[in-house]
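**Student:** Okay, structure incoming, though there's no sequence with it:
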């Protein structure tokens, strides 16, 4: 596969650009040369007036914006709110930094210590005492600083729509690490995407493409992918620099019932049975550790054991229910996970684990 790219014309055949009188392309005025807006610092001395010069200008130590804007964006992704809250407006019309000295410090280290390496910057932030604080806070602190602008507690931010989906597929072992290629069509409810005008239909992808990262999901402007939209994925008709999170009952209905999450729960149950040994407690503990990266305490394990017992009783009494439960399974070797009552009960527990607050929040 090949990806088309744009190539810049050589200087001797470069197109001359004019200012058009009153916007009339038939009435060209004086010619203009490539440059940056006059309100910003000029291009470095001797820099070519092309994309290379623009790149040099962007990362120039004299440019006060690039490093600060970049650091602020990664801070927002980790803490939920940037040091400058208005990511889309870093100028005089936007919010002032809550911690200007910290923003400057991180920007300088990003440029001169980390050499513009994003992973090094993220490592420094997440290993800081500020990030590693507990997110719990007293009522007095919440009343004084509800938005945590004082950074007196750790961040508590819900994962993005894409992260919620990809995380469920990753812990279940279904997520494909394939890169590139055309968009894919993962499962979605029937009838949502059907067009009354041209007869187009949503044909769910099969095999590995069914479990590609959410980044590769086919997106139709007039009918966006519903499970991502429920978790505040932005529409593609406008550029969005920050997402406004919401909490609605529809989100829980998606993660409990959407075919993608049901298949993820079934595959996670298969891992729990294969890696958790022969005991029920061992399988429950393995599932909890896979999802939350820590063992459950005694009270939590007892709750999981009760949920498993209730589901097991239900599926043993209703054979048709456990057969229907696995009808959506399309992942490799799905037949190895059912339709035994024990597998269905483990899948119910796995589904509950994927819906825990600690899983959907960071």
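**Tutor:** Everything's here; your move. Here the structure is a predicted model, which is why all the values come from computation and not from measurement.

**Student:** Can you pull out the low-pLDDT segments for the chain?
**Tutor:** Counting by pLDDT under 70, the chain has low-confidence residues at 1, 194-198, 329-339.

**Student:** Distance check, residue 62 against residue 109.
**Tutor:** The gap separating residue 62 from residue 109 is 17 Å, by CB to CB, to the nearest Å. (Glycine included, C-beta is placed from N, CA and C.)

**Student:** measure residue 97 to residue 85 for me?
**Tutor:** With the distance defined as CB to CB, residue 97 ends up 9 Å from residue 85.

**Student:** follow-up on the earlier one: compare neighbour counts for residue 62 and residue 109 and give me the winner.
**Tutor:** Neighbours were counted for residue 62 and for residue 109 using other CB atoms under 10 Å; residue 109 has more, 15 against 8.

**Student:** In contact with the residue nearest to the more buried one when sequence neighbours are not counted, which residues?
**Tutor:** The spatial neighbour of residue 109 that comes closest, neighbours along the chain excluded (CB to CB, 6 or more residues apart in numbering), is residue 124 at 7.0 Å. For residue 124, the contacting residues are 106, 109, 114, taking CB atoms under 8 Å, 6 or more residues apart in numbering as the criterion.

**Student:** Which ones among these lie within helices?
**Tutor:** Assigned to helices by DSSP state H, the following of the contacts of residue 124 qualify: residue 106.

**Student:** Tell me where the longest helix sits in this protein.
**Tutor:** Residue-count comparison of every helix in the chain, with assignments taken from DSSP H, identifies helix 298-317 as the longest.

**Student:** Give the other helices and strands that it contacts.
**Tutor:** Helix 298-317 makes packing contacts with helix 280-292, helix 319-325, helix 341-354 when contacts are defined by 3 or more CB pairs under 8 Å, 6 or more residues apart in numbering; DSSP states H and E.

**Student:** Just name the most buried of those.
**Tutor:** Per-residue neighbour counts averaged over each of those give the maximum for helix 341-354, namely a mean of 23 (mean count of other CB atoms under 10 Å).

**Student:** Count the neighbours of residue 21 for me.
**Tutor:** Neighbours of residue 21 under the rule other CB under 10 Å: 11.

**Student:** if I pick it, what's in contact with it?
**Tutor:** 27-29 are the contacts of residue 21 under CB under 8 Å, 6+ apart.

**Student:** what's the first-to-last distance across stretch 125-138?
**Tutor:** Stretch 125-138 stretches 24 Å from its first residue to its last (CA to CA, to the nearest Å).

**Student:** tell me which residues in that stretch are buried?
**Tutor:** Of all the residues in stretch 125-138, those buried under the rule 16 or more other CB atoms under 10 Å are 125, 131, 137.

**Student:** Identify the residues contacting it?
**Tutor:** Contacts of stretch 125-138 with the rest of the structure, by CB under 8 Å, 6+ apart, involve 74-75, 78-79, 106, 151-156.

**Student:** ok, now with 6 Å
**Tutor:** With contact meaning CB atoms under 6 Å, 6 or more residues apart in numbering, stretch 125-138 is reached by 78, 151, 153-154, 156.

**Student:** Just to be sure, which of the residues you listed are found in helices?
**Tutor:** Filtering the contacts of stretch 125-138 for membership in helices, criterion DSSP H, returns residue 78.

**Student:** of the contacts of stretch 125-138, buried ones?
**Tutor:** A residue is treated as buried here by neighbour count (16+ other CB under 10 Å); on that basis the buried members of the contacts of stretch 125-138 are 151, 153-154.

**Student:** could those go into JSON lines alongside distance to residue 177?
**Tutor:** Output for the buried ones among the contacts of stretch 125-138, formatted as JSON lines (distance: CB to CB, whole Å):
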{"residue": "151", "distance to residue 177": "35"}
{"residue": "153", "distance to residue 177": "35"}
{"residue": "154", "distance to residue 177": "30"}
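
**Student:** Looking at those, which one is closest to residue 273?
**Tutor:** Of all those, residue 273 sits closest to residue 154, with 35.0 Å by CB to CB.

**Student:** what residues are up against the closest one?
**Tutor:** Residues in contact with residue 154 (CB under 6 Å, 6+ apart) are 133-135.

**Student:** Neighbours of residue 26, how many?
**Tutor:** When neighbours are defined as other CB under 10 Å, residue 26 has 6 of them.
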